[in-house]
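Asks: Turn this into a structure:
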Amino acid sequence: MNRYRLFSIVPIALLVFVCSFSQHGSDEKKWIELFNGKHIRNWIVKVNHHEVGVNFGNTFRVEDGLIKVRYDQYGAFNNQFSHLYFKRPFSHYHLLVEYRFTGKFKEDAPGYTYRNSGVMMHSQDPRTMLKDQDWPISIEMQFLGGLGDGKPRPTGNLCTPGTDVVYEGKIDPRHCIDSRSHTYDGDQWVTAEAIVLGDSLIKHIINGDTVLQYSKPQVGGGVVTNFDPKYKVDGTPLKKGYIALQSEGQEIDFRRVAIRILKR
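Replies: Below you'll find the predicted structure:
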């Protein structure tokens, strides 16, 4: 996704609680690895224009201990945006994703998807998506790679397909909001984290630095199309949902996807 939103006034105690979680935390034993480095049998694929569970073109594959997004078995891209969902939803958690972009881009994909991917949070169940629904109703932590031109292109941004959030005290009308992260060029690994506290506070962290925060995620907004209306009741708080890795036309590798469950 490629556009922009985020923060509300929250209790100081809550901010202190959130800030207590660092990049890897104090107890690695609490991390649950959602990706085991061997297979994605615990994950569900949904590709636009295909039924749920159909991994069209072997888009998501496991090679060399990585989840790889590839398009070598595609013909035309045809807006076949894809997402790989872990099999169960989460509510209060600390998410960690390690990713890197490769140099290959599907040339007939939309231009805004160049060096662009992300992880969806609080997503609707993929089994509730219609065949031709392009994006899941969700909150996206957007990943962008630098273009090598010396211009800033932050990562860990927010995009909101079919959702709204409160940013700086009010619902922001932008579809995407830039973070204040550094720009990461080339194929270097980047560590992205999110602290997600149900329908209250969400915080984005890139390579250990907090780059964005917002609150009150809820169903609303636009961008998502061809959805079942019964799953888009605007104003409904997003208290939990699925985590999904994104495919938009840019090759990307995911090395680690891990989670720590946080107390409510």
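
Asks: any weak-confidence spans in the stretch 1-150 of the chain?
Replies: Within the stretch 1-150 of the chain, the ranges that satisfy pLDDT under 70 run 1-29.

Asks: Now name the helix or strand holding Gly118.
Replies: Here Gly118, judged by DSSP states H and E, is contained in strand 116-123.

Asks: Can you list the helices and strands that that strand packs against?
Replies: strand 82-86, strand 92-105, strand 139-144, strand 190-197, strand 242-247, strand 250-261 (3 or more CB pairs under 8 Å, 6 or more residues apart in numbering; DSSP states H and E). (Glycine included, C-beta is placed from N, CA and C.)

Asks: residue boundaries of the strands in the stretch 101-250 of the chain?
Replies: For the stretch 101-250 of the chain, the strands defined by DSSP state E, counting those that start in this stretch cover 116-123, 139-144, 157-159, 163-167, 170-171, 176-177, 190-197, 201-206, 209-219, 242-247, 250-261.

Asks: tell me the angle of the last one relative to strand 116-123?
Replies: So that's strand 250-261. In terms of direction (axes from the mean of the first three to the mean of the last three CA atoms, to 10 degrees), strand 250-261 departs from strand 116-123 by 30 degrees.

Asks: Report the backbone C-alpha coordinates of strand 250-261 in CSV.
Replies: Taking C-alpha atoms only, strand 250-261 is exported to CSV below (Å, rounded to 0.1, in the frame of the first residue of the first chain):
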residue,chain,number,x,y,z
GLN,A,250,8.3,-6.3,-5.3
GLU,A,251,10.4,-9.3,-4.3
ILE,A,252,11.1,-9.5,-0.6
ASP,A,253,12.5,-12.0,1.9
PHE,A,254,11.4,-12.5,5.5
ARG,A,255,13.9,-14.1,7.8
ARG,A,256,12.1,-14.0,11.2
VAL,A,257,8.5,-13.5,12.3
ALA,A,258,8.1,-13.7,16.0
ILE,A,259,5.7,-12.5,18.7
ARG,A,260,5.5,-12.0,22.4
ILE,A,261,2.0,-12.0,24.0
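
Asks: what is the mean pLDDT for that strand?
Replies: Strand 250-261 comes out with an average pLDDT of 98.

Asks: So which bits of it are buried?
Replies: Gln250, Glu251, Ile252, Asp253, Phe254, Arg255, Arg256, Val257, Ala258, Ile259, Arg260 (16 or more other CB atoms under 10 Å).

Asks: roughly how far out does that strand sit from the chain middle?
Replies: In terms of CA atoms, centre = their mean, to the nearest Å, the centre of strand 250-261 is set 10 Å apart from its chain centre.

Asks: Walk me through which strands that strand pairs with, and which way each runs.
Replies: Taking DSSP bridges as the criterion, strand 250-261 sits next to strand 32-33 (antiparallel), strand 66-69 (antiparallel), strand 92-105 (antiparallel) in its sheet.

Asks: got JSON lines for the ones you listed, with mean neighbour count and distance to Pro154 too?
Replies: Below are the strands paired with strand 250-261 laid out as JSON lines (neighbours: other CB atoms under 10 Å; distance: least, CB to CB, whole Å):
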{"stretch": "strand 32-33", "mean neighbour count": "12", "distance to Pro154": "28"}
{"stretch": "strand 66-69", "mean neighbour count": "20", "distance to Pro154": "21"}
{"stretch": "strand 92-105", "mean neighbour count": "19", "distance to Pro154": "14"}
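
Asks: right, and these - which one's nearest Ala76?
Replies: Minimum separation from Ala76 across these (CB to CB) falls at strand 92-105, 14.5 Å.

Asks: Output that closest one in CSV, but only the C-alpha positions, please.
Replies: C-alpha atoms of strand 92-105 as CSV (Å, rounded to 0.1, in the frame of the first residue of the first chain):
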residue,chain,number,x,y,z
HIS,A,92,-2.1,-7.6,22.7
TYR,A,93,1.4,-8.4,21.4
HIS,A,94,4.9,-7.4,20.5
LEU,A,95,5.7,-8.3,16.9
LEU,A,96,9.1,-8.6,15.3
VAL,A,97,9.7,-9.0,11.6
GLU,A,98,13.1,-9.1,9.9
TYR,A,99,12.9,-8.3,6.1
ARG,A,100,15.0,-7.3,3.2
PHE,A,101,14.2,-6.2,-0.4
THR,A,102,15.8,-7.9,-3.4
GLY,A,103,16.6,-6.1,-6.6
LYS,A,104,13.8,-7.6,-8.6
PHE,A,105,10.4,-5.9,-9.3
